[in-house]
Structure formats: structure tokens, C-alpha cells
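J.: Just the structure for this:
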Amino acid sequence: MIRKILDFRDVDWMLFGLAILIAAIGVVEIYSTTSHNPALASQYKRQVYWIILGAIVALVISRVDYHVILEQVPWLYCLSIAALILLLVRGHSVAGVRRWISLGGVLTFQVSEFVKLVIILVVAALLADQRGKSVTWKDLIKLGVLAGLPAALVALEPDLGTALTFFPIAAAGVLLAGVRTRQVLVVGLAGILMLPVAWHFARPYQRDRVMSFIHPKQDVRGASYQSMQSKIAIGSGGLWGKGVGNGTQSQLGFIPVSHADFIFAAFSEEQGFAGTLFVLMLYLALLLRLLDSAQMAGDRAGTLVLVGITALLFFQVAVNVGMMIGLFPVPGIPLPLMSQGGSAVLSTFLGLGLAMSVRMRRLVY
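T.: Residues are numbered from 1 along each chain as shown. Presented below is the predicted three-dimensional model:
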């Protein structure tokens, strides 16, 4: 007999526990890299508050039927676009960057972090009723517009790293729904042809990051400084690391924002290869758990939602770790759950709550 009245016994506690464990490791590293700096010493406490709030929100969202949320996609999308436009006009500016909306001067939210989840829902809602063997050109154009518009608005903040995360979500949905080889080739060719246009409109610091990636030793005190210092930190960690609070690259300020985007480099220096491998295995277990839930989802919409969340997290982890070791340019993408940042943590837990909602209803639908 299918039990339709769900309670907290149905929560995916393994997924929830993995997320809490990764976040707790992040708090320890944030404390380690900021405790010596009076201006940043309280950052780890703020992170703990956001994790607690995120955990509560995830459990609450897991109780909500994801179909009810999917029905609100048109309103959520319109609200996201309106918020991004408002952000560009009257958003909270820091160093010429408008990424945050202030609520009463007490809390600030990075809107783009929550728009990621809206894009996941948009893709799932659009492709859930796809009856053909593969997506049509009309579907691809719709997805391109629906994902491209918020991506363009986010890029104008400017926040190119977050804007790039929208496209793996759409690509994962299209691949799951089914796509023809001809469509892949045409879209790929169109992307290549757009590269000169993107380069033309890129900001000077974005061009510098690309050039420093191509020529990493050309400007080690300028554009290549961040990536060079992160690689030094990772290499100096050795097998077992230097221990919590003993990372010279982070403690002496050589690694920029070591508690945020570059927290992986700081962690690698202090915990070494062994600690780094352990954290990467935790991320792998988290992603595999999401894929397992996707296979067990009760309908196509649930599968698309879970695949979108998995694609988003995988892209963020892969790019963040890749930029630490020089495989990618530095796009400014935080490491999920570990990097300091309230909006990013809350958004990730919201996504995991949505994933748990799908898994909890796998027998109902």
C-alpha cells in the first residue's frame, strides 16, 4: 500500500547528512582562515547561522510537493527577471558590482543564486511533457531564450561565473530529454561563432583572466597571481597537510579570499592530499545520491529536477576545483556548501530540499 501521508521518516537523511558534513568542514576552514583577522573573525559564525537556516528550509521544502512548485514556474520566472532588472537599477553596489539586494539594511541576498533554482524548474516544466523521441528546434530556442535572458542580466552585474552555471542546467535537461546529433553540432558551431562577440564585450579583468590562463607565467604578480598562489598552496600541503590554522599561504594572506572562492586551496594546504580526497569523495557521494534519486523519481518532471540540481552542483565543484589547479580560468564560482556566503549556502540547501521532495514522493506518482 502506498503511504501518501509523508513524514520526516521519509526524508533522505543520507543526502541531508552529506550536505551538513561538507558544510561543517567548510565552517572549520572558514574559522581557520579568518580567526587571525579581526575584521573577518566572525565570518564562521555567520556561516553557521546560514547553514542552520538552510537546513531548516531544506526540511520544510521537502514537505512540499514539487508539482505544486512546478505549477508556479511562470510566476517564479517573471519574478526572477524583475528582481534581476531591479538589481541592476537599485541593487546594493560593492566595488562597482551589483549582485545583492538589501532587505532593511540587515540582510543582503545575491539574487542570481536563487535564479539558478528557477532555471532548473523552468527546464523541468518545459521538457516534462515532451512526447517525441528528442527535443525539437522550437524547444531548443525556447530554452535558449529562457536561460539566456537571465544569464545576460547576471553577466551585466557583472557576474560571468554565475551566468555560466545556467547553461549546464539547460544542457543536462536537453540531453536527458533526447537530442539529435545535428542539433548538437549546430548549437556547438553557434557557440564557437559567438566567442569573438563575447570577447569583444568582455570586461578588461575578464580578458586578463583568460590570458593569464593561456599564459600562466606571463604576469605572476598581476592577472596570474590568484591561480599561481592557489597552486602553491595545494602543492605545499603534501600528503597530510600542515594542520588547521597552520597554512602559511592563507594565514599570511597570499591566497585571496581564502574563506570564499579559494577555500579549496586553503583547505588543501592545511589538510593535504588525504583531506582533499576525503572532501571530494563526499561531493561524489552527494552527486551519486542525487543521481540515484533521479533514477527512482516517480515521473519525468522529478527526474529532470534532480538531473538539473546534479548538473549545477557538479559544474560548480568541477570548475572551482579546476580553477584552483589551473585547469580553468578564474570565473569566480564558489565551492558549494564550503565557501563562505549566505545566499549560496541557502540556495544549495533549497535545491537539496527540492531533491528530497522528489525522492519522498517516488511511490506516490
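J.: contacting residues for S230?
T.: Shown here is S230, whose contacts under the criterion Cβ atoms under 8 Å, 6 or more residues apart in numbering are 255, 262, 264-265, 323-325. Where you see a C-beta, it was placed from the backbone N, CA and C, and this is true even at glycine.
J.: Just among those, which is most surrounded?
T.: Tallying neighbours with other Cβ atoms under 10 Å puts A265 at the head of the contacts of S230, with 32 neighbours.
J.: any idea of the pLDDT on that residue?
T.: The per-residue pLDDT reported for A265 equals 90.
J.: just use 840 as the starting number from now, easier for me
T.: Fine by me, first position is 840 from now on; the one you just mentioned is A1104.
J.: hmm, back to that, and the contacts of S1069, which is closest to V903?
T.: Nearest to V903 among those, counting by Cβ to Cβ, is F1103 at 32.8 Å.
J.: separation between the closest one and C917?
T.: When distance is defined by Cβ to Cβ, to the nearest Å, F1103 is 36 Å away from C917.
J.: just A1124 next, same as before
T.: Noted for A1124: a distance of 37 Å to C917, by Cβ to Cβ.
J.: what does I1031 give?
T.: As it turns out, when the distance is counted by Cβ to Cβ, I1031 lies 32 Å from C917.
J.: next one: G1076
T.: Counting by Cβ to Cβ, the gap between G1076 and C917 amounts to 47 Å.
J.: When those two are compared, which one has more neighbours?
T.: With neighbours defined as other Cβ under 10 Å, G1076 and C917 compare such that G1076 has more, 24 against 11.
J.: wait, what's in contact with the more buried one?
T.: With Cβ under 8 Å, 6+ apart, G1076 has these contacts: 1086, 1107-1112, 1115.
J.: For the protein, which segments count as strands?
T.: 931-933, 936-942, 946-949 (DSSP state E).
J.: mean pLDDT lowest for which of those strands?
T.: Of all the strands of the chain, strand 931-933 carries the lowest average pLDDT, namely a mean of 60.
J.: L1143: neighbour count?
T.: Using other Cβ under 10 Å, L1143 has 28 neighbouring residues.
J.: Okay, now the unreliable bits of this structure?
T.: By pLDDT under 70, the weakly predicted segments of the chain are 840-847, 930-939, 941-946, 970-972, 1044, 1054-1056, 1058-1063, 1202-1204.
J.: and the longest helix for it?
T.: For the chain, the helix with the greatest residue count under DSSP state H is helix 1102-1135.
J.: same for it, what does it pack against?
T.: The helices and strands touching helix 1102-1135, judged by 3 or more Cβ pairs under 8 Å, 6 or more residues apart in numbering; DSSP states H and E, are helix 852-873, helix 1064-1075, helix 1087-1090, helix 1139-1163, helix 1181-1199.
J.: which one of these is the most hemmed in?
T.: Per residue and on average, the most neighbours among these fall to helix 1181-1199, with a mean of 25 (mean count of other Cβ atoms under 10 Å).
J.: Go ahead and flag the most central residue of the protein.
T.: The central residue of the chain, meaning the one whose C-alpha is nearest the mean C-alpha position (Cα atoms, centre = their mean), is Q1155 at 4.7 Å.
J.: Contact partners for that one?
T.: Counting by Cβ under 8 Å, 6+ apart, the residues that Q1155 touches are 1004, 1172-1175.
J.: where's A858 relative to S901, distance?
T.: Counting by Cβ to Cβ, the separation of A858 from S901 is 12 Å.
J.: now do V974
T.: Distance from V974 to S901, counting by Cβ to Cβ: 30 Å.
J.: Comparing the two, which residue is more hemmed in?
T.: Here V974 and S901 are set side by side on neighbour count (other Cβ under 10 Å), and the busier one is S901, at 25 against 22.
J.: give the contact list for that one.
T.: 850-851, 1192-1193, 1195-1196, 1199.
J.: So which of the residues you listed is the closest to G1147?
T.: L1193 (9.5 Å).
J.: Test my guess that I1094 contacts F1103.
T.: No: using Cβ atoms under 8 Å, I1094 is not in contact with F1103, being 10.1 Å away.
J.: can you count the residues close to Y888?
T.: Other residues lying near Y888 total 11 when counted by other Cβ under 10 Å.
J.: can you pull the contacts of it?
T.: By Cβ under 8 Å, 6+ apart, the contact list for Y888 reads G1181.
J.: what does G1180 give?
T.: Neighbour list for G1180: 949, 1099, 1173 [criterion: Cβ under 8 Å, 6+ apart].
J.: now swap in V957 and tell me
T.: 912, 915-916, 919, 989.
J.: Tell me which of the residues you listed fall in helices.
T.: When the contacts of V957 are checked against helices (DSSP H), the matches are 912, 915-916, 919, 989.
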